[in-house]
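Peer 1: One predicted model, sequence on top.
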Amino acid sequence: MQNQTDHQHIANKENTSIEGEYYSGKDMFELEKERIKSADKRTEIARLAIEANDAADKRQFDYHIQKLNHDIEFKNQQAKVSAKLLYGIGLVSTAFGALLIYLTFFGTVFQSEIAANLLEKLVTAMSGVGVYLLGKGIFSKLTNQDNEQ
């Protein structure tokens, strides 16, 4: 009988080695701790990658906002310069026109003739420019229909 129990005990040991190795509770606990540490490391790496991506996105956003602000400032300066240039040209043109009109009516005969000639040429030139700009505007309206839709 003891021979049979020894035989069964040996058979059980052989069966356990075939089925797999059994771990004690302490070993299972240690194995689970290692698995959790590994999962925590992966989670930490993923968190660091997300933080790096967020930082890169923030830098890119800040760069584009800074570029947009610079472009807006440049356009504002450009508008100021254009306005000053137009005011200057308008002032000089008005002063020149007023001088020509004054000389036409109150200057000497020679000054009056020269001023009248200059005014006539100026009006002709301005009407030519007006016709050119009118034609250009009509042509651009006919060819650029995307802006109207």
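Peer 2: That came through, no problem.

Peer 1: going forward, measure contacts and count neighbours with C-alpha atoms only.
Peer 2: OK.

Peer 1: Where does pLDDT dip in this protein?
Peer 2: Applying pLDDT under 70 to the chain flags residues 1-21, 145-149.

Peer 1: Nearest the geometric middle of it, what residue?
Peer 2: Nearest to the geometric centre of the chain sits H64, at 4.9 Å (CA atoms, centre = their mean).

Peer 1: Against V81, how distant is that residue?
Peer 2: As judged by CA to CA, to the nearest Å, H64 and V81 stand 25 Å apart.

Peer 1: returning to that earlier point: and the residue nearest to the centre of the chain, how far is that from E30?
Peer 2: H64 is 51 Å from E30, by CA to CA.

Peer 1: repeat for I50
Peer 2: 30 Å.

Peer 1: do V129 as well
Peer 2: V129 is 92 Å from E30, where distance means CA to CA.

Peer 1: what do you get for T104?
Peer 2: Counting by CA to CA, the gap from T104 to E30 is 109 Å.

Peer 1: For the two, indicate the residue with more neighbours.
Peer 2: Per other CA atoms under 10 Å, whichever of T104 and E30 has more neighbours is T104, with 21 against 12.

Peer 1: For L118, see how far away the more buried one is.
Peer 2: Taking CA to CA, one finds T104 at 10 Å from L118.

Peer 1: How about E51?
Peer 2: As judged by CA to CA, E51 and L118 stand 73 Å apart.

Peer 1: so how far is stretch 98-111 off the chain centroid?
Peer 2: Centroid separation for stretch 98-111 versus its chain: 57 Å, with CA atoms, centre = their mean, to the nearest Å.

Peer 1: try stretch 62-71
Peer 2: Averaged C-alpha coordinates place stretch 62-71 at 7 Å from its chain's average position (CA atoms, centre = their mean).

Peer 1: quick one, helices of this protein?
Peer 2: Along the chain, counting by DSSP state H, helices occupy 2-19, 25-106, 109-143.

Peer 1: Kindly calculate the angle that the last one makes with helix 25-106.
Peer 2: If I follow you right, that is helix 109-143. Per axes from the mean of the first three to the mean of the last three CA atoms, to 10 degrees, the angle that helix 109-143 makes with helix 25-106 is 150 degrees.
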